[in-house]
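Participant: Structural data only, the sequence is not supplied:
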């Protein structure tokens, strides 16, 4: 039995393998060419590996860190060859993820001592924020939890309607004050609704774009303060949703949001549609914020908890 089976069903592992297929094919195709005809991990192989990691959107800073670790391993064990390179690389990436607060959670659990649990969801438009909220709500509903969605993105045309459709699809409560209303007020009242109606969790959407980044970040700060006024200690999680297909742009988005909103968890969407899955490694390393969820398909049940060992295993599976 493989080490991840205690966390993953066969179906989930197959979804993960399929979701990372494009990244794996791109990465391994390049790695195979880099070591072809070579037996030792020399400077030329390391240079090739560095280029491969950067082209896989791992990011320059994280790539350098990985290369330095492998150089240290090679120097320590003089007999390491290209045959062991995959295993060394796999091991170093798992260790890197472990050091960066990415834990292995095995289900969509909520804090046992917090009801309602308030989750504030942030991210730019188009990353799959509304879809992620819907899929997350679905997972909680499957557990018998009472869920309310708060329509705090009151600026984007149809955002409220899209979230309402998701609430109906999932079968959960929905709170809205309509378009062009104060999103901080929506957030405040959503929390009040959750408390008054014995909800287990409230998931609050937010706007992904205002006229300037400064305005967006100010608005998110206002919403967060409003939630705290409604319930002391809330939000209990600020979940940043990022689109894996944007590669390094996702890292830039993470930089802006983590500076402004005290992000506590990440959701990485659309992994199944990109060869840039390596961005997960770079984001985890650079921001020290745990990746909590990954999207590996369009269906409602294709949101997974992120397990670093299963992720790396799928990435390196031949």
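Facilitator: Received it, and whenever you're ready, just let me know what you need. A quick note: this is a predicted structure, and the numbers were derived from the prediction, not measured.
Participant: would you say residue 292 is within a strand?
Facilitator: Yes. Secondary structure of residue 292 (DSSP: H, G, I helix; E, B strand; the rest coil): part of a strand.
Participant: Use 183 as the first number from now on
Facilitator: Let's use 183 as the start, then, which means that last one is residue 474.
Participant: is it true that it touches residue 420?
Facilitator: No. Under the criterion of CB atoms under 8 Å, residue 474 is not in contact with residue 420, lying 11.2 Å apart. In short, each C-beta sits where N, CA and C put it, glycine included.
Participant: list residues touching both of the two?
Facilitator: residue 447 (CB atoms under 8 Å, 6 or more residues apart in numbering).
Participant: elements contacting the helix or strand of the chain with the lowest mean pLDDT?
Facilitator: For the chain, counting by mean pLDDT, DSSP states H and E, helix 203-217 ranks last in confidence among helices and strands (a mean of 82). Judged by 3 or more CB pairs under 8 Å, 6 or more residues apart in numbering; DSSP states H and E, the packing partners of helix 203-217 are helix 225-237, helix 267-281, helix 490-498.
Participant: Need the residues that contact it.
Facilitator: Here helix 203-217 makes contact (CB under 8 Å, 6+ apart) with 227, 230-231, 233-234, 237-238, 264, 267-268, 453-460, 496-500.
Participant: highest average neighbour count across the helices and strands packed on helix 203-217?
Facilitator: Ranked by mean neighbour count, the helices and strands packed on helix 203-217 are led by helix 490-498 with a mean of 22 (mean count of other CB atoms under 10 Å).
Participant: Who are the packing partners of that one?
Facilitator: helix 192-201, helix 203-217, helix 267-281.
Participant: just how off-centre is the next helix or strand after the last one within its chain?
Facilitator: Read it as helix 267-281. Remark: after helix 267-281, the chain's next helix or strand is strand 299-304, criterion DSSP states H and E. Taking CA atoms, centre = their mean, to the nearest Å, the mean C-alpha location of strand 299-304 is offset from the chain mean by 14 Å.
Participant: helices or strands up against strand 299-304?
Facilitator: The contact analysis (3+ CB pairs under 8 Å, 6+ apart) places strand 299-304 against helix 311-324, helix 365-378, strand 383-386, helix 395-412, strand 419-425, helix 430-443.
Participant: contact partners of that strand?
Facilitator: By CB under 8 Å, 6+ apart, the surrounding residues in contact with strand 299-304 are 292-293, 311, 314-315, 318, 369, 373, 376, 382-388, 390, 402, 405-406, 409, 413, 416-423, 439, 443, 445.
Participant: how does it look with 7 Å?
Facilitator: Residues from elsewhere that reach strand 299-304 (CB atoms under 7 Å, 6 or more residues apart in numbering): 292-293, 311, 315, 373, 382-388, 402, 405-406, 409, 413, 416-423, 439, 443.
Participant: now do stretch 364-378
Facilitator: Contacts of stretch 364-378 with the rest of the structure, by CB under 7 Å, 6+ apart, involve 298, 300, 330, 332-334, 336, 357-359, 384, 386, 388-389, 401, 404-405, 408-409, 411-413, 416.
Participant: where are the low-confidence patches of the stretch 333-482 of the chain?
Facilitator: For the stretch 333-482 of the chain, applying pLDDT under 70 flags the ranges 392-393.
Participant: please redo it, this time with the cut-off set to 50
Facilitator: For the stretch 333-482 of the chain, no stretch has pLDDT under 50.
Participant: Can I get the helices and strands packed on strand 299-304 in a markdown table including mean neighbour count and distance to residue 194?
Facilitator: Listed next are the helices and strands packed on strand 299-304 as a markdown table, based on neighbours: other CB atoms under 10 Å; distance: least, CB to CB, whole Å:
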| stretch | mean neighbour count | distance to residue 194 |
| --- | --- | --- |
| helix 311-324 | 22 | 12 |
| helix 365-378 | 21 | 29 |
| strand 383-386 | 30 | 22 |
| helix 395-412 | 18 | 32 |
| strand 419-425 | 24 | 20 |
| helix 430-443 | 18 | 23 |
